[in-house]
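Chemist: This is a predicted model, with the sequence first.
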Amino acid sequence: MDFELTEEQRMFKEMARKFAEQEILPSLKENERQEIFDLGIIKKLASQGLLAPHMPKEYGGLGLDYVTSALIWEALCMASLSITQAAVSGPIQPATNLLDAGSDEQKNKYLPPVCKGEKIMSGAVVEPTAGSDSSMIETSAVRSGNHWIINGTKIFITNGEIADVVLFIAQTDKSKGLKGLATFLVEKGTPGFSSTPQKGKISWRGGSEGTLRFTDMEIPVENQVGESGRALRDALRGIDTARLFLAAGAVGLAQSCLDSSIKYAKERVQFGKPIGGHQLIQEIIADMATKIEAARWLAYRVAYLKTRGIRHIKEMSYAKYFATETALWVASQAVKIHGSFGTIDDYPVGHHYQDAITATILGGTAQMHQLTIGQQLLEMAAFK
Ligand SMILES: Cc1cc2nc3c(=O)[nH]c(=O)nc-3n(C[C@H](O)[C@H](O)[C@H](O)COP(=O)(O)OP(=O)(O)OC[C@H]3O[C@@H](n4cnc5c(N)ncnc54)[C@H](O)[C@@H]3O)c2cc1C
């Protein structure tokens with residue numbers, strides 16, 4: 001067992017930390033207030049090679065292992081998990097799905113521009129009636145000669161409104177249930193395809209999500225990705241990578257909350273001494289640090305297993321579930337330590353608290369990961 005980071009890993013972590021400080025933090029407050037996702041972040045990340053660290057070099061990534069990629073994601077999310085997620089989600093989820101299931105032609109056409117920040121790609125699975133349960137997907141794909149006719153709605157899709165290309169899952173044969181699902185690509189501007197931004201958000205306000213509508217949308221058969229019936233299986237590595245991103249990102253978010261809390265607890269004087277000198281505050285700080293350290297090593301360990309191609313279903317659920325729940329708890333304690341100042345956006349902890357709530361939902365809710373762990377340990381599913 002080796003707990004040391006390599007020189008290269010330390011270098012990438014430091015690079016990402018500096019990027020977060022110089023490029024994400026300065027505009028964060030204003031963008032959040034105005035609900036603006038700063039698209040420029042994508043190109044800036046790409047110019048430093050940080051947009052798609054895990055993707056192969058031939059498709060515009062850095063070809064790094066998952067531990068190094070996780071270190072980069074952790075450092076970026078110390079500034080903002082929501083903004084980092086909006087920036088890197090294309091290369092992480094839909095692009096990885098395309099890498100696994102796409103034809104050479106599809107991969108050569110879409111992956112390099114997405115990994116270099118020239119095009120934005122979204123991955124669309126969730127619908128008004130199909131969240132955790134993909135068997136409820138109603139978006140239909142009907143074959144007509146050399147085309148597929150698509151009808152349906154996708155919601156809460158990261159970058160859905162601004163995407164140049166969307167990888168989505170639709171039902172080709174309802175009688176087959178999950179085995180009828182297939183994956184397709186559609187480009188912006190295709191007749192019958194429209195999108196609107198998600199409004200009224202209470203968190204992730206500097207991120208970007210949208211609703212997609214497909215109305216008698218015709219796409220050529222060449223736009224199908226992989227075989228019908230394999231959509232969920234083909235999506236697995238992309239979903240798994242998104243979960244690793246969220247686990248590592250939640251650790252970064254929580255670490256930022258701890259750093260801010262320690263600084264504040266040393267400076268804020270009440271009852272004649274810095275609040276950090278009160279035993280009850282020290283108890284909270286100690287619990288924060290201990291939980292963050294546990295979450296960090298769950299995330300690094302699953303990144304290690306993933307890099308080596310070792311089966312890691314329950315380990316990924318341990319990491320995503322524990323890291324995001326820890327981030328939520330740590331951020332809520334950080335807000336309390338900052339008192340009233342924690343409730344305004346002059347300090348990072350309020351932003352992190354809002355991000356942490358949402359991080360427990362996307363990439364599989366806490367309950368879905370508990371059920372996955374239960375299924376793996378008990379060898380029986382509670383959710384079928
Ligand atoms: C910021 C953001 C970005 C997103 N980006 C994307 C994207 O790019 N692409 C995409 O496809 N989707 C995206 N989503 C959607 C996200 O994946 C879903 O919200 C998530 O999968 C949960 O689905 P749901 O919200 O419909 O909740 P539901 O599945 O309806 O769950 C509601 C509640 O019921 C619980 N629950 C459900 N089933 C069970 C059960 N069997 N046992 C116990 N409890 C249960 C859940 O844990 C949850 O607490 C995004 C969401 C957000 C907020």
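Modeler: Thanks, I have the structure now.

Chemist: Please count neighbours and contacts with C-alpha atoms only from this point.
Modeler: Fine.

Chemist: Could you check how far the residue of the chain positioned farthest from its centre is from Ser261?
Modeler: In the chain, counting by Cα atoms, centre = their mean, Gly272 sits farthest out from the average C-alpha position, at 43.7 Å. As judged by Cα to Cα, to the nearest Å, Gly272 and Ser261 stand 19 Å apart.

Chemist: cool, Ser89 as well?
Modeler: 29 Å.

Chemist: Who has more neighbours out of the two?
Modeler: Neighbours were counted for Ser89 and for Ser261 using other Cα atoms under 10 Å; Ser261 has more, 27 against 24.

Chemist: so the more buried one is in which element?
Modeler: For Ser261, the host element (DSSP states H and E) is helix 231-267.

Chemist: May I see the buried residues of that helix?
Modeler: 231-232, 234-235, 237-258, 260-262, 264-265 (16 or more other Cα atoms under 10 Å).

Chemist: Of those, which fall within the contact range of the ligand?
Modeler: With Cα under 6 Å from any ligand atom as the criterion, those include none near the ligand.

Chemist: what's Leu178 sitting at in phi/psi?
Modeler: The phi and psi torsions at Leu178 (degrees, to the nearest 10) take the values phi -60, psi -30.

Chemist: An error on my part: the question was meant for Ala141.
Modeler: Torsion angles, degrees, to the nearest 10, at Ala141: phi -120, psi 120.

Chemist: same check, this time on Gln48
Modeler: phi -100, psi 0.

Chemist: how close does it sit to Ala20?
Modeler: Applying Cα to Cα to Gln48 and Ala20 gives a distance of 12 Å.

Chemist: How about stretch 143-158 and the ligand, any contact?
Modeler: Yes. With Cα under 6 Å from any ligand atom as the measure, stretch 143-158 is seen reaching the ligand through 156-158.

Chemist: List, one by one, the residues from the stretch 251-384 of the chain near the ligand.
Modeler: By Cα under 6 Å from any ligand atom, the residues of the stretch 251-384 of the chain that approach the ligand are 358, 361-368, 383.

Chemist: Buried only: go through the residues you listed for me.
Modeler: By neighbour count, with 16+ other Cα under 10 Å, those hold 358, 363-366, 368 as buried.

Chemist: And the residues you listed, which is closest to Ile344?
Modeler: Thr358 (18.7 Å; Cα to Cα).

Chemist: Rounded mean pLDDT for the helix or strand where the closest one lies, please.
Modeler: Using DSSP H and E, Thr358 maps to helix 348-359. On average, the pLDDT along helix 348-359 is 97.

Chemist: what residues does it touch?
Modeler: The list of residues contacting helix 348-359 from outside it, by Cα atoms under 8 Å, 6 or more residues apart in numbering, reads 80-82, 202-204, 246, 250, 253-254, 256-257, 260, 324-325, 327-328, 331-332, 334-335, 342-345.

Chemist: Tell me the helix or strand right after it.
Modeler: Note on helix 348-359: by DSSP H and E, the next helix or strand toward the C-terminus is helix 366-378.

Chemist: Packing partners of that next one?
Modeler: helix 313-337 (3 or more Cα pairs under 8 Å, 6 or more residues apart in numbering; DSSP states H and E).

Chemist: returning to that earlier point: report the buried members of the contacts of helix 348-359.
Modeler: Applying 16+ other Cα under 10 Å to the contacts of helix 348-359 flags 80-82, 203-204, 246, 250, 253-254, 256-257, 260, 324-325, 327-328, 331-332, 334-335, 342-343 as buried.

Chemist: For the helix or strand of the chain with the lowest mean pLDDT, C-alpha coordinates in PDB please.
Modeler: Ranked by mean pLDDT, DSSP states H and E, the weakest helix or strand in the chain is helix 25-34, scoring a mean of 94. Extracted in PDB, the C-alpha atoms of helix 25-34 (Å, rounded to 0.1, in the frame of the first residue of the first chain):
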ATOM      1  CA  LEU A  25     -13.400  32.300  -7.500                       C
ATOM      2  CA  PRO A  26     -13.200  35.900  -8.700                       C
ATOM      3  CA  SER A  27     -16.500  35.900 -10.700                       C
ATOM      4  CA  LEU A  28     -18.300  33.300  -8.600                       C
ATOM      5  CA  LYS A  29     -20.400  35.600  -6.400                       C
ATOM      6  CA  GLU A  30     -21.600  37.800  -9.300                       C
ATOM      7  CA  ASN A  31     -22.400  34.800 -11.600                       C
ATOM      8  CA  GLU A  32     -24.300  33.100  -8.800                       C
ATOM      9  CA  ARG A  33     -26.300  36.200  -8.000                       C
ATOM     10  CA  GLN A  34     -27.300  36.600 -11.700                       C
END
